[in-house]
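# sequence first, predicted coordinates after that:
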4 protein chains.
Amino acid sequence: MKSLGIGLIGTGFMGKAHALAFGAAKAVMGDVPEVHLAVLCDTPADKAKQMADQFGFTRATDDWNSLISDPDVDIISITTPNILHFDMAIAAINAGKHVYCEKPLALTLDQARDMRDAARAAGVKTMVGYNYIKNPAFTHACRLVQAGEIGDIVHFRGWVDEDYQADPELAWTWRAKLSDAGLGALGDMGCHLASMAYGIAGPIESLIADMQTVHITRPLADGSGHAKVENEDTASALVRFANGVHGSLSTSRSAWGRKNRLAWEVHGTKGMICFDQERMNELQIYRNTGNAAQQGFTTILTGPGHPPYGEFCPAPGHQLGFNDLKIIEATALLRAIRDNTAPCPNFDDAYEFEKTIHAIAQSARTGTRVSLSDL
Amino acid sequence: MKSLGIGLIGTGFMGKAHALAFGAAKAVMGDVPEVHLAVLCDTPADKAKQMADQFGFTRATDDWNSLISDPDVDIISITTPNILHFDMAIAAINAGKHVYCEKPLALTLDQARDMRDAARAAGVKTMVGYNYIKNPAFTHACRLVQAGEIGDIVHFRGWVDEDYQADPELAWTWRAKLSDAGLGALGDMGCHLASMAYGIAGPIESLIADMQTVHITRPLADGSGHAKVENEDTASALVRFANGVHGSLSTSRSAWGRKNRLAWEVHGTKGMICFDQERMNELQIYRNTGNAAQQGFTTILTGPGHPPYGEFCPAPGHQLGFNDLKIIEATALLRAIRDNTAPCPNFDDAYEFEKTIHAIAQSARTGTRVSLSDL
Amino acid sequence: MKSLGIGLIGTGFMGKAHALAFGAAKAVMGDVPEVHLAVLCDTPADKAKQMADQFGFTRATDDWNSLISDPDVDIISITTPNILHFDMAIAAINAGKHVYCEKPLALTLDQARDMRDAARAAGVKTMVGYNYIKNPAFTHACRLVQAGEIGDIVHFRGWVDEDYQADPELAWTWRAKLSDAGLGALGDMGCHLASMAYGIAGPIESLIADMQTVHITRPLADGSGHAKVENEDTASALVRFANGVHGSLSTSRSAWGRKNRLAWEVHGTKGMICFDQERMNELQIYRNTGNAAQQGFTTILTGPGHPPYGEFCPAPGHQLGFNDLKIIEATALLRAIRDNTAPCPNFDDAYEFEKTIHAIAQSARTGTRVSLSDL
Amino acid sequence: MKSLGIGLIGTGFMGKAHALAFGAAKAVMGDVPEVHLAVLCDTPADKAKQMADQFGFTRATDDWNSLISDPDVDIISITTPNILHFDMAIAAINAGKHVYCEKPLALTLDQARDMRDAARAAGVKTMVGYNYIKNPAFTHACRLVQAGEIGDIVHFRGWVDEDYQADPELAWTWRAKLSDAGLGALGDMGCHLASMAYGIAGPIESLIADMQTVHITRPLADGSGHAKVENEDTASALVRFANGVHGSLSTSRSAWGRKNRLAWEVHGTKGMICFDQERMNELQIYRNTGNAAQQGFTTILTGPGHPPYGEFCPAPGHQLGFNDLKIIEATALLRAIRDNTAPCPNFDDAYEFEKTIHAIAQSARTGTRVSLSDL
């Protein structure tokens, strides 16, 4: 197989993570198709050039259309602000390129559906940057649930909180504007929680929700006054999964002290499993087996028994980090391209995850239960 | 002041806790009116007699009416199954006795209101066994919140879970019968969470809720088949407090591994406080002050700085236990009787707490938002 | 059996704990001989009188000799400063009374041996206030070890730290004076660790140690200058148990943040158990059984499966407190008196525990290995 | 500056870690000299070839001497078994190459000294793979200590435990043979603890130690019987630092449940800091400042405030992993080469760290205090 050319749009948090992931995937995993870092796009052009040098890309551009049409580019990584995902992804799909897009897919569910449909029609491979569901601790939890280790699932609760908008004095930015950012906490973080809920408990059938803009205005950076915050700081939902299980999801971007608390607990007829991304190498499991006097929550530290941890390190407890999750994700895409299989999570999966956050927003606005099938 | 005579009805978990609390209150606290353990009631009479000997009561009876009318009895402790609270409390109030009743007040909110009104009219002192809000860690948290240590409150989340009904094979009991037990998880545990939410964030204005009977039937103990579980195993609500703060409350009696997880977190504009009764001597606080590189959640271990911990032990970190909370509660009642002040939580307070659980049940049944003022 | 009369000397931290324990033992445990709080001694007489009223003692005195000789007193509780233990205990033994003495037995090992020998000769029952070894979590750990749940023991490590002498500006007190206080951290806390090490891994054969006075002088309270601290702030030892197991023990009274960190870990051929008194209702156990991918430390929350927890509370996870341990201890003494058996830990046991702390001090002074059989 | 050619010997756990680190350093850090992966050496040649393809090395060899003499190689990474470090490092130094060697430097302290002296004489840059001291949480702790945030240091305790030799039935390997492996737990792990103790509390002046081979024989893999384990499973030492501080160090390779428990606590006159590598993104700090009722251990989650965390990820709490530490380490070497400064930890530093483990072994053998200046 010829080496796959990577075209990366964006050089921020996620741009760097993609560059590192593609750069390391084969060295870590071995059985991964060859890639080369072909073109990097950012603006202004100088920045693109500088970061291309740093990341190891052959060429730099400030024109994402030229990147997409570049014949040396096979995979388009989209790590730009959410509002740009749609146009870039559609263009990439139309150019017959594989697409690796950051979450959420788009500002609206309609756009997300169009992206999904376009990718399906074009037959290109897609991957969406849901990172955390690639954590060996999470996939181990999914296996435990599927193997019945905690019996039948009876309840699910999840939270995803950060504090990047907790300070009332923080200046207003485009993040607060509906037409630029779309959803607030739900779009930034809630969709991650939705992806994990889906992995553990399956699709959600309906939900009823509430949301709130905690800090209703923010000071303008130029000191000229305050502007309105148009999207939600917090959102919560009572959900019913298709399998009959009830649960709840909640998110806040104004939760002081939480840095990446993407956490959940799943209750089963025979036990419980809990997880918190702030201790991403740990999994808590309680099992109702044996002598009650010996029962308790067991803290499993990830290790080679939780693939693909062992590809990074043969010794247990030595810890994976956030960027390692991206290597696992990039590997999944590269192998799917090679093997002509469906990578996961692709645009179809992401569309299902993101239904949940749009349903939450809709229910919170209307005050009534929303069936996800009606979206 | 003459020694106050205690009449205790019930000798189970809470009966013993009351007996121990009245027995130890003065020795622990010093400044507490004298009490004597006058009459103990349980059935059959033999059991009452045996437990009176164990607990140190002067007399025993199997007739709670005679206990209430006993002239040596000034305070009636009601620790019987919930269905009996109403009749006993009303009788005690009518006899002009002070009443120390376990939670929840009654099976229905109407009964609870009647109890409250009767106590108000009679001018007797009342106390309700909400235990956990007497924890020095909790009252410290309330003080921190009131002092603005975490700024203005912006969000509240709480959970109360146990696993006493988690095993699907557990036999059916009266706990599953609406007319005997009233609410399920909400009545057993949810009201505790409501009391803590109230203490931290004040009264709830409205909520929308969902609930579920996870194990819809249970085997009959005699092997003759299965019977229906009529009340809820889990319940969750999205709440709006009167002060505009949003939040959520959730409870499950089918949560394997949780033994007394009465936990909550309150988000403020300057910090966060978290608590979990399973580590009842600890409080977590995050404050957005000083250098961000030094910030984190601080685990405060209770000590003499958190009154009345120091009455139990002058050394910090030596730990209070569950029964100690009951000593604090009994002390509050005894002092209020002596000082002719309103003890807290009395029937008025409890009625406010318990509105929440009945509102949750009503909203879950109707699927619509319930205003607590409409109850 | 006639009611046993309690004579309590001392009304401080431990005095109150003894009073509460005797007051509650029968109510909690049921099967416990009747006691009555006969005489309380403290100085001045007014304080004794006031505390007798608070604790519920019939009489008060400022003369401990009269308390000991009081014919209504059967059990002498000694909770005075360590320097007084010897005279009081010997007098009580000579009067044929049972003795419940706080740890450590005495300032020197010679005195401790004399106390032990006198008690043996007199045939009275003795109990020493080692509290923590009565914790259901600890006795459960001992049972797990004895049942081979972690295989054969191969290593033991323990620590006991507090911060009551961590502040360099804290005023000098009698605690710093060898002739008044005897050992420093070793006497206050180290003996507790020794008692736990003994319970888990058996007697120590020899050790080599080091110790240090961290704050070599302290300011005099009257501002007149500084005085020397004569005993150790920290001490550590490398120990060899009689069964061939190696380990280490360490203590500090200058450990900021530690409030009662009496903690240990025992390594076995099949697992490990860890404990920390600051979370006294928890026990950590790791077992090398089954699939390595599911292994981890299990946090056991104490409950009715860990006797006598269930006597305090039928619900698991509801937490015992420090004063509850004293109830368990007092119960053991009272039952041993009734049954004419040897209570544990009695003066014989305490003597064995305390050999360790004196051996540590001796080795630290000489710099050479000390065999405990040479003491 | 011309691109630096990397010659890597070894393709195991550490070989892969070096390859990944050199591959990612510039992309992560930006300001790092260009490198190219020139030659990879392992045996047999096929394996070298396969891994060179996976890791991205241009050439492969099974002859490490040819790698060292290759003119395209500027830096020699030595990740082979410890017994080979000495010969390879000396050869590399003699060839005028920079050396990046895994710890410990050599089997004996004499060899380590020779390596240090040779590197000094040759003027090449050296780096030793102590990984954990590059953790932003650790360097933050060092800064806090140096800034006096916990006052003057008064005590230090450290442990490093794993369970890779905990199973008594594990087969005998070369690791158990003194002439092949040198020290046991001390060499594998103890030197890491020594490096951290040094960073926090400075050089050790003297110590007294004990050690033990817990499993004195192990079964031969071919079932033909048992062979002797010649080196230690556990070792412990009571240390005195040059600054007068006392402390203790302990290690075990037979500690079930510990996967990488490289943990320590440093006590100061104003606070305490604690760390555990199994939660490598967390640091615990207690400070005796302000209201005692608000004090407790604060858990700091690493973030951009703890450089160079921000190079990996701009969002706090997102977690670094083990392999990220190697990127920080490789960066330090590459920058030191570019800037002609001394990298840290170089052979001089490592020699100081490793004195400690050899002193522990010597003291344990002789039973007497060892001054490190006498080694």
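Thanks, I have it.
# pretty sure A:Ile6 is in a strand, no?
Yes - checked against DSSP: H, G, I helix; E, B strand; the rest coil, A:Ile6 lies within a strand.
# chain C contacts on the stretch 51-200 of chain A?
A:His140, A:Leu144, A:Glu149 (CB under 8 Å from any CB of the partner chain). Every C-beta, even on glycine, is put in place using the N, C-alpha and C of the backbone.
# list just the nearest of these to chain C.
Minimum distance to chain C across these is 6.8 Å, recorded for A:His140 (CB to the nearest CB).
# you'd agree the closest one is up against A:Thr302?
Yes - counting by CB atoms under 8 Å, A:His140 does reach A:Thr302; the two are 7.4 Å apart.
# who's more crowded, the two?
Higher neighbour count among A:His140 and A:Thr302: A:Thr302, with 26 against 22, using other CB atoms under 10 Å in any protein chain shown.
# which residue packs closest to the more buried one, ignoring adjacent ones?
Distances taken as CB to CB, 6 or more residues apart in numbering or on different chains place A:Asn281 nearest to A:Thr302, at 4.6 Å, with adjacent residues excluded.
# now do the same contact list for that neighbour.
Residues near A:Asn281 by CB atoms under 8 Å, 6 or more residues apart in numbering or on different chains: A:Ala137, A:Leu301, A:Thr302, A:Gly317, A:Gln319, A:Leu320, D:Gln319.
# interface residues of the stretch 151-300 of chain A facing chain D?
Residues of the stretch 151-300 of chain A found near chain D (CB under 8 Å from any CB) are A:Glu162, A:Tyr164, A:Arg258, A:Lys259, A:Asn260, A:Arg261, A:Gln277, A:Glu278, A:Arg279, A:Met280, A:Asn281.
# switch to 6 Å and redo it
A:Lys259, A:Asn260, A:Glu278, A:Met280 (CB under 6 Å from any CB of the partner chain).
# contacts only, for A:Met29.
A:Glu311, A:Thr331 (CB atoms under 6 Å, 6 or more residues apart in numbering or on different chains).
# helices or strands up against the lowest-mean-pLDDT helix or strand in chain A?
Among the helices and strands of chain A, helix A:178-181 carries the lowest confidence by mean pLDDT, DSSP states H and E, at a mean of 92. With contacts defined as 3 or more CB pairs under 6 Å, 6 or more residues apart in numbering or on different chains; DSSP states H and E, helix A:178-181 has no helix or strand neighbours.
# could you point out which element follows it?
helix A:185 (DSSP states H and E).
# state the next helix or strand along the chain beyond that following helix.
Using DSSP H and E, the helix or strand that follows helix A:185 in sequence is helix A:191-201.
# show me what secondary structure element comes after that next one.
Sequence-wise, the next helix or strand downstream of helix A:191-201 (DSSP H and E) is strand A:204-212.
# buried ones in that next one?
Using 16 or more other CB atoms under 10 Å in any protein chain shown as the test for burial, strand A:204-212 gives A:Ile204, A:Ser206, A:Leu207, A:Ile208, A:Ala209, A:Asp210, A:Met211, A:Gln212.
# up against chain B, what does chain A have?
Contacts of chain A with chain B, taken as CB under 6 Å from any CB, map to A:154-155, A:168, A:208, A:210, A:212, A:214, A:234, A:236, A:238, A:246, A:248, A:250, A:252, A:254-257, A:267, A:269, A:271-272, A:286, A:288, A:297.
# re the thing from before, okay if I get the residues of the stretch 51-200 of chain A next to chain C as JSON lines plus secondary structure and pLDDT?
Below are these laid out as JSON lines (DSSP: H, G, I helix; E, B strand; the rest coil; pLDDT from 0 to 100):
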{"residue": "A:His140", "secondary structure": "helix", "pLDDT": "98"}
{"residue": "A:Leu144", "secondary structure": "helix", "pLDDT": "98"}
{"residue": "A:Glu149", "secondary structure": "coil", "pLDDT": "98"}
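# nearest to D:Phe86 among those residues?
Nearest to D:Phe86 out of these is A:His140 (CB to CB; 41.1 Å).
# for that closest one, which non-adjacent residue is closest in space?
A:His306 (4.5 Å).
# ok, the one you found touching A:Pro136?
Yes - A:His306 lies in contact with A:Pro136 (CB atoms under 6 Å); the separation is 3.9 Å.
# re the thing from before, nearest to chain D among the residues of the stretch 151-300 of chain A next to chain D?
Using CB to the nearest CB, those come closest to chain D at A:Lys259, 2.3 Å.
# check the residue nearest the centre of chain A and give its pLDDT.
In chain A, the residue lying closest to the centroid (CA atoms, centre = their mean) is A:Tyr130, at 2.3 Å. According to the prediction, A:Tyr130 has pLDDT 98.
# isn't it right next to A:Pro345, touching?
Yes - when contacts are counted by CB under 6 Å, A:Tyr130 is listed as touching A:Pro345 (5.2 Å).
# just the strands in the stretch 151-300 of chain A please.
Along the stretch 151-300 of chain A, counting by DSSP state E, counting those that start in this stretch, strands occupy A:153-161, A:204-212, A:217-219, A:226-228, A:234-241, A:246-252, A:261-268, A:271-276, A:282-287, A:297-301.
# need these in CSV (columns: mean pLDDT).
Listed next are these as CSV, based on pLDDT from 0 to 100:
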stretch, mean pLDDT
strand A:153-161, 98
strand A:204-212, 98
strand A:217-219, 97
strand A:226-228, 97
strand A:234-241, 98
strand A:246-252, 98
strand A:261-268, 98
strand A:271-276, 98
strand A:282-287, 98
strand A:297-301, 98
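# for these, which one ends up most surrounded?
Greatest average neighbour count among the strands of the stretch 151-300 of chain A goes to strand A:246-252 (a mean of 28), per mean count of other CB atoms under 10 Å in any protein chain shown.
# how far off strand A:204-212 does it point, in degrees?
Here strand A:246-252 runs at an angle of 40 degrees relative to strand A:204-212 (axes from the mean of the first three to the mean of the last three CA atoms, to 10 degrees).
# just want the angle from strand A:246-252 to strand A:153-161.
Taking the same axes, to 10 degrees, one finds strand A:246-252 and strand A:153-161 inclined to each other by 0 degrees.
# do stretch A:282-292 and chain C meet at all?
Yes - Stretch A:282-292 is in contact with chain C by CB under 6 Å from any CB, via A:Ala292.
# mind checking which helix or strand the residue nearest to A:His140 is in?
Following DSSP H and E, there is no helix or strand that holds A:His306.
# for it, what are phi and psi?
Dihedral angles of A:His306 (phi, psi; degrees, to the nearest 10) stand at phi -120, psi 80.
# got the contact list for it?
Here A:His306 is in contact with A:Pro136, A:His140, C:Ala293 (CB under 6 Å, 6+ apart).
# and A:Ala255, how many neighbours?
Neighbours of A:Ala255 using other CB under 10 Å come to 30.
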